[in-house]
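# What follows is a protein structure lacking sequence information:
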């Protein structure tokens with residue numbers, strides 16, 4: 001069985017973690033395939049965003065502990081660098097990544113979800129950081145990202161207890177954009193991808209870079225960076241082009 005499904009659609013791609021019997025736990029092969037597909041899609045100019053979701057009732061249960069137990073190198077079986085470096089592969093992808101969290105996103109699966117740009121969740125989604133329960137330290141950004149998203153106190157409670165964050169709590173805390181019925185999740189993700197594809201692709205790329213870089217610095221430095229990028233980007237666009245695009249935006253507003 002193929003552990004990662006890739007479906008190309010009009011303007012976007014859908015990636016589905018396909019190990020439902022293992023709650024889509026990341027095997028060494030799945031991790032390698034996931035990295036490879038993101039690098040491949042980076043070179044496809046007609047893909048304007050990627051949807052990442054899971055098959056079955058789970059999004060991703062993290063690293064496959066069975067694979068670790070069966071190899072004498074333990075965690076070394078993953079060799080989480082070079083071709084297996086999912087953080088680098090997803091960070092290098094310069095278009096939006098939409099994560100459809102269809103079920104449990106635990107530990108490494110939680111970290112995988114947070115590598116996305118836009119998170120949508122089904123009402124059955126659950127988030128859990130079990131690093132402290134199993135005696136491992138995070139390495140894909142969970143200790144740094146979660147506090148920035150939901151606040152230090154909430155993040156510490158999640159980290160130190162290993163307790164579950166429900167979909168409804170995740171929405172209230174701003175961890176996900178919104179919660180939808182399980183049967184509507186993929187359609188909601190597709191709609192976001194379609195809306196992204198209707199925008200100016202190069203501007204979307206620039207905007208993603210600006211937001212991500214701004215989150216890594218303080219407000220003053222972020223504002224300075226924004227002004228610099230604005231000056232460089234906006235001077236390349238003529239007034240006529242902007243007027244034509246604005247007309248299209250207004251028409252779209254009338255149709256919604």
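In hand now; what should we look at? Just so you know, these numbers come straight off a predicted model, no measurement behind them.
# what separates the residue positioned nearest the centre of the chain from residue 184, distance-wise?
For the chain, residue 116 is the residue whose C-alpha lies nearest the centre (C-alpha atoms, centre = their mean; 1.3 Å). Taking C-beta to C-beta, to the nearest Å as the criterion, residue 116 is separated from residue 184 by 18 Å. Quick note: C-beta positions are derived from backbone N, CA and C, even for glycine.
# what's the answer for residue 101, then?
For residue 101, the distance to residue 184 - C-beta to C-beta - is 13 Å.
# So what's the residue count around the nearest residue to residue 162 once chain neighbours are set aside?
The spatial neighbour of residue 162 that comes closest, neighbours along the chain excluded (C-beta to C-beta, 6 or more residues apart in numbering), is residue 133 at 4.2 Å. When neighbours are defined as other C-beta atoms under 10 Å, residue 133 has 12 of them.
# List the buried residues of the strand or helix carrying residue 133.
Taking DSSP states H and E as the criterion, the element that holds residue 133 is helix 131-134. Residues of helix 131-134 classed as buried by neighbour count (16 or more other C-beta atoms under 10 Å): residue 131.
# Can you give the contact residues for it?
Helix 131-134 is contacted by residues 65, 107, 137, 138, 142, 159, 160, 161, 162 when judged by C-beta atoms under 8 Å, 6 or more residues apart in numbering.
# Reformat these as a markdown table; add distance to residue 56.
Written out in a markdown table, the entries for those read as follows (distance: C-beta to C-beta, whole Å):
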| residue | distance to residue 56 |
| --- | --- |
| 65 | 18 |
| 107 | 18 |
| 137 | 28 |
| 138 | 25 |
| 142 | 23 |
| 159 | 27 |
| 160 | 30 |
| 161 | 27 |
| 162 | 23 |
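# Report the buried members of these.
When those are checked for burial by 16+ other C-beta under 10 Å, the buried set is 65, 107, 138, 142, 159, 162.
# And those residues, which is closest to residue 235?
Nearest to residue 235 out of these is residue 142 (C-beta to C-beta; 39.7 Å).
# Wait, the closest one touches residue 130, no?
No: the pair residue 142 and residue 130 fails to qualify as a contact (C-beta atoms under 8 Å) at a distance of 10.7 Å.
# For residue 219, see how far away the nearest residue to the residue nearest to the centre of the chain once chain neighbours are set aside is.
Setting aside the residues directly before and after it, residue 116 is nearest to residue 99 in space (C-beta to C-beta, 6+ apart), at 3.5 Å. For residue 99, the distance to residue 219 equals 27 Å [C-beta to C-beta].
# out of those two, which sits in the more crowded spot?
Neighbours per residue (other C-beta under 10 Å) separate residue 99 from residue 219, with residue 99 holding more: 27 against 8.
# just checking, that one is part of a helix?
No: secondary structure assignment places residue 99 outside any helix; it is strand (DSSP: H, G, I helix; E, B strand; the rest coil).
# partners of it in the sheet?
Beta-bridge partners for residue 99, by DSSP bridges, are residue 52, residue 119.
# Residue 131 versus that one, what's the distance?
Separation of residue 99 from residue 131 (C-beta to C-beta): 20 Å.
# just the strands in the stretch 101-250 of the chain please.
If you assign secondary structure with DSSP state E, counting those that start in this stretch, the strands in the stretch 101-250 of the chain sit at 104-106, 118-122, 126-128, 164-166, 178-180.
# Serialize those to a markdown table and add fields for mean neighbour count and mean pLDDT.
Output for the strands of the stretch 101-250 of the chain, formatted as a markdown table (neighbours: other C-beta atoms under 10 Å; pLDDT from 0 to 100):
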| stretch | mean neighbour count | mean pLDDT |
| --- | --- | --- |
| strand 104-106 | 26 | 98 |
| strand 118-122 | 25 | 98 |
| strand 126-128 | 23 | 98 |
| strand 164-166 | 17 | 98 |
| strand 178-180 | 17 | 98 |
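# among these, which is nearest residue 53?
Proximity of these to residue 53 was assessed by C-beta to C-beta; the nearest stretch is strand 118-122, lying at 9.2 Å.
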